[in-house]
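Asks: following is a predicted model, sequence given first.
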Amino acid sequence: MTDTSIPHADESLDDEGTEPTATHGSDEAEETGTEKKAAAESDLFRQSEIAADYVEGLLDILDYDGDIDELVSGGRPVVEVVGGRLQNLVGQRGATLEALQELTRLAVFRQTGTPSRLLLDVGGYRANRRKELAAVAKNAVEKVKEYGEPVRLEPMSAFERKCVHDVVNAISGVESESEGVEPNRRIIVRPAD
């Protein structure tokens, strides 16, 4: 049986060709590293273009209006959809958005043969949720520092957990880890050892 699953955003991928080659002082080696980095950036942008075309087709089928931006940010392809009347594409707590992202990643995989770490955002939901989660993470850190006891957060999606881990990891004296199984995977924030 062939595995056609696509890695999730919080799973690491071995991106061949994204690391510059070792330079040993040679101009030719530096150019090769720069060329490979540019090729990797071009591949990521190509993924975002494929994803944007797929999302545009979905919007047409659903008769939704939205402007679509494709870009590369943080070393991953990103597609942002903005416009009115898009809340149905986000769903409750981003559940529909997560499903659309997985379908879009699959569309990219089918055309490129390479798993994608594509991030799809609709109506600025992820940006707003990231801010909310930063506040949740900071609140949990305050409780851990005040009482010295671990704090368990509610179950979250992979995107949400990554946002919380990023905030907690930037603060000294505390650490975070995920526990449980999807869809009930959650973060525990505890004092650092």
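Replies: Perfect, thanks for sending it.

Asks: for the helix or strand containing residue 70, packing partners?
Replies: Using DSSP states H and E, residue 70 sits in strand 67-73. Other elements packing on strand 67-73 under the criterion 3 or more C-beta pairs under 8 Å, 6 or more residues apart in numbering; DSSP states H and E are helix 27-62, strand 76-82. In this view, the C-beta of every residue, glycine as well, is placed from N, C-alpha and C.

Asks: relative to strand 67-73, how tilted is the last one?
Replies: Counting by axes from the mean of the first three to the mean of the last three C-alpha atoms, to 10 degrees, strand 76-82 points 160 degrees away from the direction of strand 67-73.

Asks: pairing partners for strand 76-82, with directions?
Replies: strand 67-73 (antiparallel), strand 119-122 (parallel) (DSSP bridges).

Asks: now the ones you listed in TSV, with mean neighbour count and distance to residue 185?
Replies: Conversion of those to TSV gives the following (neighbours: other C-beta atoms under 10 Å; distance: least, C-beta to C-beta, whole Å):
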stretch	mean neighbour count	distance to residue 185
strand 67-73	14	25
strand 119-122	24	19
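
Asks: and the strand holding residue 70, average pLDDT?
Replies: The average pLDDT within strand 67-73 is 94.

Asks: can you tell me the element the residue lying closest to residue 120 once chain neighbours are set aside falls in?
Replies: Spatially, and ignoring its direct neighbours in sequence, residue 120 is nearest to residue 101 (4.1 Å; C-beta to C-beta, 6 or more residues apart in numbering). Assigning secondary structure by DSSP H and E places residue 101 in helix 95-112.

Asks: quick one, phi/psi of residue 191?
Replies: phi -60, psi 140 (degrees, to the nearest 10).

Asks: all numbers from here: first residue = 16
Replies: With the count now opening at 16, the last piece we talked about shows up as residue 206.

Asks: neighbours of it, how many?
Replies: Residue 206 has 13 neighbouring residues, counting by other C-beta atoms under 10 Å.

Asks: kindly report the same for residue 131.
Replies: By the criterion of other C-beta under 10 Å, residue 131 has 26 neighbours.
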